[in-house]
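Engineer: For reference, the sequence and a predicted model appear below.
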Amino acid sequence: MRVVPRRFRASDLAGAVLVFAATDDRLTNHRIGIAAKGKGVFANIADSAEECHFIVPARVQRGSIQVAISTGGESPRVSAELRRKLEDVL
């Protein structure tokens, strides 16, 4: 695989069903969300819960026990920290 750094293009969504916008640039993430919505692509916008079409909960699984943690997209860092603590307990 070869990675070529460049700016987002709406054409990057061609054939996509699902997209994660997790760049370090708020405007780029916003543009990805708008483009995804226009193309009917489900989008998770990492820095804006309001723009997400779906969220991804933090998840811990140990054998038959599975725990999902969500802050409704408001604080992914809190979810991740809780997941780490639950991993230690389970």
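Structural biologist: Alright, I've got the coordinates. Residues are numbered from 1 along each chain as shown.

Engineer: Which element, helix or strand, includes the residue nearest the centre of the chain?
Structural biologist: The centroid of the chain falls nearest to N44 when counting by CA atoms, centre = their mean (4.3 Å). Using DSSP states H and E, N44 sits within strand 42-45.

Engineer: What are the boundaries of the strands in the protein?
Structural biologist: 18-21, 42-45, 58-62, 65-69 (DSSP state E).

Engineer: helices and strands around the third one, which ones?
Structural biologist: Judged by 3 or more CB pairs under 8 Å, 6 or more residues apart in numbering; DSSP states H and E, the packing partners of strand 58-62 are strand 65-69, helix 76-89. The way it works is simple: take the backbone N, C-alpha and C, and place the C-beta from them, glycine included.

Engineer: And for it, what's in contact with it?
Structural biologist: 66-70, 76, 79-80, 82-83, 86-87, 90 (CB atoms under 8 Å, 6 or more residues apart in numbering).

Engineer: repeat for the last one
Structural biologist: Where contact means CB under 8 Å, 6+ apart, the residues beyond strand 65-69 that reach it are P57, A58, R59, V60, Q61, S79, L82, R83, L86, L90.

Engineer: ok, back up a step: which of the residues in the strand holding N44 are buried?
Structural biologist: A43, N44, I45 (16 or more other CB atoms under 10 Å).

Engineer: And for stretch 22-42?
Structural biologist: In stretch 22-42, counting by 16+ other CB under 10 Å, buried: T23, N29, R31, I32, G33, A35, A36, V41.

Engineer: of those residues, closest to A14?
Structural biologist: For the buried residues of stretch 22-42, the minimum distance to A14 (CB to CB) is 9.7 Å, reached by V41.

Engineer: Report the separation between the closest one and E74.
Structural biologist: For V41, the distance to E74 equals 23 Å [CB to CB, to the nearest Å].

Engineer: Dump the helices and strands packed on strand 58-62 to CSV, plus mean pLDDT, mean neighbour count and distance to C52.
Structural biologist: What follows is those, written out as CSV (pLDDT from 0 to 100; neighbours: other CB atoms under 10 Å; distance: least, CB to CB, whole Å):
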stretch, mean pLDDT, mean neighbour count, distance to C52
strand 65-69, 91, 13, 16
helix 76-89, 88, 13, 11
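
Engineer: Understood, closing this out.
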